[in-house]
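Colleague: for reference, the sequence and a predicted model appear below.
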Amino acid sequence: MLNRVISGKIKICGIIGDPIEHTMSPVMHNAAFARMGLDYLFVPFRVRKEGLRQAIDGVRGLNIRGLGVTIPHKVAVIPLLDELDPLAEKIGAVNIIVNDDGVLKGYNTDAGGFLQALLSRGVEPEGKNVVVLGAGGASRAVSFILAERGANLVVVNRTGDKAKELADRILASFHRETQALKLDGENLAGALSQADILVNATSVGMSPNIDGTLLPAKLLKPDLVVCDIVYNPIRTRLLREAEEAGAKAVSGLDMLVWQGALAFELWTGLKAPVALMREEVVKVL
Ligand code: ATR
């Protein structure tokens with residue numbers, strides 16, 4: 001319950017998307033603002049596709065400090081902004097906007113959040129062989145930050161052409177050769193035999209279809225790091241089977257919290273209370 005005085009000095013941040021009912025961002029950010037004693041408030045806004053331009057005009061008109069951007073606006077919002085962080089530009093998607101005196105700049109903290117999630121667990125992807133499952137928007141953020149960090153990537157996707165397209169974009173943006181494979185048992189087994197890190201960047205395994213996994217458990221091994229972008233459930237079938245095989249499991253929850261932490265730092269200039277943000281999300285999940 002909101003139990004505070006709202007003064008004229010308050011700074012507003014929010015998130016736009018459709019649907020937006022299930023967003024974790026307000027819980028995470030309002031707890032962080034309160035902990036840090038900041039006069040900030042975070043609110044969710046349901047913004048339909050056709051209302052996006054008006055919403056961004058509203059950010060300028062109402063002097064909103066910052067926004068999170070989620071489905072379906074991450075790509076469409078780009079031409080409405082004044083500046084783009086170079087990585088967000090390469091990825092072609094924005095999930096965070098910062099408003100500095102009317103200048104709106106877009107960032108992609110999904111990418112940076114994924115890297116931080118790995119680093120915070122003591123995993124350095126530079127020079128490692130990484131298999132990424134999926135070639136959609138989430139995979140693009142994950143794959144691009146891994147390529148920028150110097151990982152050797154194999155993209156495996158149900159639709160082979162989309163894997164190839166993503167590999168071509170990685171080559172063009174980062175001059176790193178990336179292998180593109182169609183998702184099948186043989187390709188998976190081949191890719192996994194060389195892999196240090198595996199990332200599920202598809203929605204497979206997400207609630208309510210919690211029995212889903214793209215990776216046969218027999219391909220898991222103790223020296224593998226397994227990451228899932230899915231955070232609901234926190235422990236997906238893939239992560240459970242990874243742990244059972246002795247592998248290190250990195251949850252999508254970590255990525256969610258770290259992308260929020262990076263956004264918090266962009267909006268406030270302060271270091272985020274990451275542990276608290278994580279606790280608050282876990283309570284809701
Ligand atoms: P997002 O932005 O969340 O990544 P997306 O762009 O729709 O969403 O991409 C979803 C990804 O999950 C795709 O790589 C998709 O594979 P296709 O390109 O073949 O569609 C993958 N995906 C979703 N459901 C899947 C399933 N049941 N089996 C295999 N891959 C699946």
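Modeller: Received, thanks. Numbers count the residues shown, from 1 in each chain.
Colleague: residue numbers of the stretch 151-285 of the chain in contact with the ligand?
Modeller: Where the stretch 151-285 of the chain comes near the ligand, counting by C-beta under 6 Å from any ligand atom, the residues are Asn157, Arg158, Thr159, Lys162, Leu183, Thr202, Ser203, Val204, Leu214. In short, each C-beta sits where N, CA and C put it, glycine included.
Colleague: same thing but at 5 Å, please
Modeller: Contacts of the stretch 151-285 of the chain with the ligand, taken as C-beta under 5 Å from any ligand atom, map to Asn157, Arg158, Thr159, Lys162, Thr202, Val204.
Colleague: so which pair among the residues you listed is furthest apart in space?
Modeller: Lys162 and Val204 (15.1 Å; C-beta to C-beta).
Colleague: and the nearest residue to Gly92 once chain neighbours are set aside, how far from the ligand?
Modeller: Ranked by C-beta to C-beta, 6 or more residues apart in numbering and with sequence neighbours excluded, the top spatial neighbour of Gly92 is Val75, at 6.3 Å. When C-beta to the nearest ligand atom, to the nearest Å is the yardstick, Val75 and the ligand sit 10 Å from each other.
Colleague: is it true that Asp110 touches Arg140?
Modeller: No. If you go by C-beta atoms under 8 Å, Asp110 and Arg140 don't touch, sitting 9.2 Å apart.
Colleague: residue ranges with poor pLDDT in this protein?
Modeller: Low-confidence regions of the chain, defined by pLDDT under 70, span residues 1-3.
Colleague: ok, Ile78 - how many residues close by?
Modeller: One way to gauge burial is a neighbour count; for Ile78, by other C-beta atoms under 10 Å, it gives 16.
Colleague: got a list of what the residue nearest to Gly92 touches?
Modeller: Applying C-beta atoms under 8 Å, 6 or more residues apart in numbering to Val75 gives the contacts Gly92, Ala93, Val94, Gly137.
Colleague: filter those residues by proximity to the ligand?
Modeller: Among those, the residues within reach of the ligand (C-beta under 5 Å from any ligand atom) are Gly137.
Colleague: and the residue positioned nearest the centre of the chain, helix, strand or coil?
Modeller: Ranked by distance to the mean C-alpha position of the chain (C-alpha atoms, centre = their mean), the top residue is Asp110 at 2.9 Å. Under the three-state scheme (DSSP: H, G, I helix; E, B strand; the rest coil), Asp110 adopts helix.
Colleague: state the pair within the contacts of Val75 that is farthest apart.
Modeller: Val94 and Gly137 (11.1 Å).
Colleague: higher neighbour count, the two?
Modeller: Under the criterion of other C-beta under 10 Å, the comparison of Val94 against Gly137 puts Val94 first, with 28 against 18.
Colleague: contact partners for the residue of the stretch 1-150 of the chain found nearest the ligand?
Modeller: Shortest the stretch 1-150 of the chain-to-the ligand distance, computed as C-beta to the nearest ligand atom: residue-wise this is Gly136, at 2.0 Å. Under the criterion of C-beta under 8 Å, 6+ apart, the contact list for Gly136 reads Lys162, Ala201, Thr202.
Colleague: so who does the second one touch?
Modeller: With contacts taken as C-beta under 8 Å, 6+ apart, Ala201 has the following neighbours: Val132, Leu133, Gly134, Gly136, Ala138, Ser139, Val142, Ser143, Ile229.
Colleague: so how do I select the buried members of these in ChimeraX?
Modeller: Buried members of the contacts of Ala201, identified by 16 or more other C-beta atoms under 10 Å, are gathered into one ChimeraX selection as follows:
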select :132,133,134,138,139,142,143,229
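Colleague: as JSON lines, the contacts of Ala201 with distance to Ala172 and secondary structure would be great.
Modeller: Formatted as JSON lines, the entries for the contacts of Ala201 read as follows, by distance: C-beta to C-beta, whole Å; DSSP: H, G, I helix; E, B strand; the rest coil:
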{"residue": "Val132", "distance to Ala172": "17", "secondary structure": "strand"}
{"residue": "Leu133", "distance to Ala172": "22", "secondary structure": "strand"}
{"residue": "Gly134", "distance to Ala172": "20", "secondary structure": "coil"}
{"residue": "Gly136", "distance to Ala172": "19", "secondary structure": "coil"}
{"residue": "Ala138", "distance to Ala172": "20", "secondary structure": "helix"}
{"residue": "Ser139", "distance to Ala172": "16", "secondary structure": "helix"}
{"residue": "Val142", "distance to Ala172": "18", "secondary structure": "helix"}
{"residue": "Ser143", "distance to Ala172": "13", "secondary structure": "helix"}
{"residue": "Ile229", "distance to Ala172": "24", "secondary structure": "coil"}
